[in-house]
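In: Below is the sequence, then the predicted model.
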Amino acid sequence: MNTISLAIHGGAGTLVKGMMTPELEAKYRAALQLALDEGYKLLENGGTAIEAVEKAVVLLEDSPLFNAGKGSVFTATESHEMDASIMDGKNLNAGSVSLITGIKNPVSLARDVMEKSEHVFLAGEGAMQFAKELNYTFESPAYFYNELRYNQWLEIKDTDSFQLDHATKKDAKFGTVGAVACDQYGNIAAATSTGGMTNKKWGRVGDSPMIGAGNYANNKTCAVSCTGSGEFFIRGVVAYDVSCLMEHKGLSLEAASDEVIHKRILEINGDGGLIAVDTQGNIAMPFNTEGMYRACKSSSGKEEVSIYK
Ligand code: ASP
């Protein structure tokens, strides 16, 4: 049987040890552990990589601690606009949604775009119409309300600035969630979901729903989910770049991930991190920020739940 492995993230940023209360830190660790355990259980019971990454991301979306699903940040117009994507490394099937509101689990809608539409990427009103046709229930804004995110927004709402999530320093906050998995059949998959940036406007879309930028999976190489300054991750085509370095330069998963996060993306001033797996079940989780909420587990014995460097 192929090595099975799962890695998840809940965003990167200036997460410095000691800046959080022990109680809050325990909550983050518990939320990561739950998503890891449930996703991994699925893999152990013969589930596919796609099922496992969706399950793990759904649980992270349902937690108000992360900037995705419940707990998504506020836009400039006091709403929530969420983005998500999913990709199957076995056949390069992919689905993405962007600028959606009211949907409890954007990653599941992305999976439905992949499996139940002829398309890869649906946005805004159209994506929500697609959800209606599939009988999705829409949550009220109250479901997504979170006091911390609201206060973050109040601080900058009448300014031109926008903000990433999860940090002690205002200008360096990321909070997207993601998962990558390798199943017992040797297939890999990736999923990413986000509320984007606080106070974003003009229909701003980040890297998370963009196949190749914030999310990518290909059995030939790797499955990758990113978190960080989305504009830079789009320009760096980060997830696909890791895959390219493996395919065309023969780098290992770890070397390719490190090259992109510690060199290439830094050269254009991008900050953040990524999680990645390959079909051998290897895992990489590099980041160039102070910390990244992350966790991983594999049948080769690796297990970790971490926040700081
Ligand atoms: N990459 C996401 C975005 O730019 C933000 C994040 O990772 O928290 O929308």
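Out: On my side now, so go ahead.
In: CA only for contacts and neighbour counts going forward, please
Out: OK.
In: So which residues make contact with the lowest-mean-pLDDT helix or strand in the chain?
Out: Lowest on mean pLDDT, DSSP states H and E among the helices and strands of the chain sits helix 147-156, with a mean of 84. With contacts defined as CA atoms under 8 Å, 6 or more residues apart in numbering, helix 147-156 is touched by Gly71, Ser72, Val73, Phe74, Thr75, Phe162, Thr198, Asn199.
In: Show the contacting residues for the last one.
Out: So that's Asn199. For Asn199, the contact set (CA under 8 Å, 6+ apart) comprises Val73, Phe74, Thr75, Ala76, Thr77, Glu78, Trp153, Ile156, Lys157, Ser161, Phe162, Gln163.
In: Near the ligand, list only the ones from those residues.
Out: Counting by CA under 6 Å from any ligand atom, the subset of the contacts of Asn199 that neighbours the ligand is empty.
In: And for Ser79, the neighbour number?
Out: Residues within reach of Ser79, counting by other CA atoms under 10 Å, total 16.
In: try the one 5 residues further on
Out: Look at Ala84: counted by other CA under 10 Å, it has 36 neighbours.
In: Can you tell me the strand partners of whichever strand or helix holds it and which way each runs?
Out: Using DSSP states H and E, the element containing Ala84 is strand 82-88. Each strand paired with strand 82-88, and its direction, by DSSP bridges: strand 93-100 (antiparallel), strand 188-194 (antiparallel).
In: what about it, near the ligand?
Out: No. Strand 82-88 stays clear of the ligand (CA under 6 Å from any ligand atom), getting no nearer than 7.8 Å.
In: which outside residues touch that strand?
Out: Looking at what lies outside strand 82-88 - CA under 8 Å, 6+ apart - the contacts are 49-50, 54, 68-69, 72, 93-101, 106-107, 110-111, 114, 188-196, 205, 208-211, 215-218.
In: do that again at 7 Å, thanks
Out: Strand 82-88 is contacted by residues 50, 93-101, 106-107, 110-111, 188-196, 208-209, 215-217 when judged by CA atoms under 7 Å, 6 or more residues apart in numbering.
In: what does stretch 238-250 give?
Out: Residues from elsewhere that reach stretch 238-250 (CA under 7 Å, 6+ apart): 212-216, 221-222, 224-226, 251-253, 256-257, 260.
In: Okay, and which of these map to helices?
Out: Among the contacts of stretch 238-250, the subset assigned to helices under DSSP state H consists of Leu253, Ala256, Ser257.
In: Which residues are in contact with the nearest residue to Gly291 once chain neighbours are set aside?
Out: In space, and not counting its chain neighbours, Gly291 is closest to Tyr308: 4.3 Å by CA to CA, 6 or more residues apart in numbering. Tyr308 is in contact with Leu15, Val16, Lys17, Glu290, Gly291, Met292, counting by CA under 7 Å, 6+ apart.
In: which of those has the most neighbours?
Out: Met292 (30 neighbours).
In: where's the residue lying farthest from the centre of the chain relative to Thr192, distance?
Out: Distance from the C-alpha centroid of the chain, by CA atoms, centre = their mean, peaks at Asp158 (28.3 Å). Using CA to CA, to the nearest Å, one gets 29 Å for the distance from Asp158 to Thr192.
In: With Ser108 instead?
Out: Computed as CA to CA, the Ser108 to Thr192 distance reads 11 Å.
In: Between the two, which is the more surrounded one?
Out: Thr192 (36 against 23).
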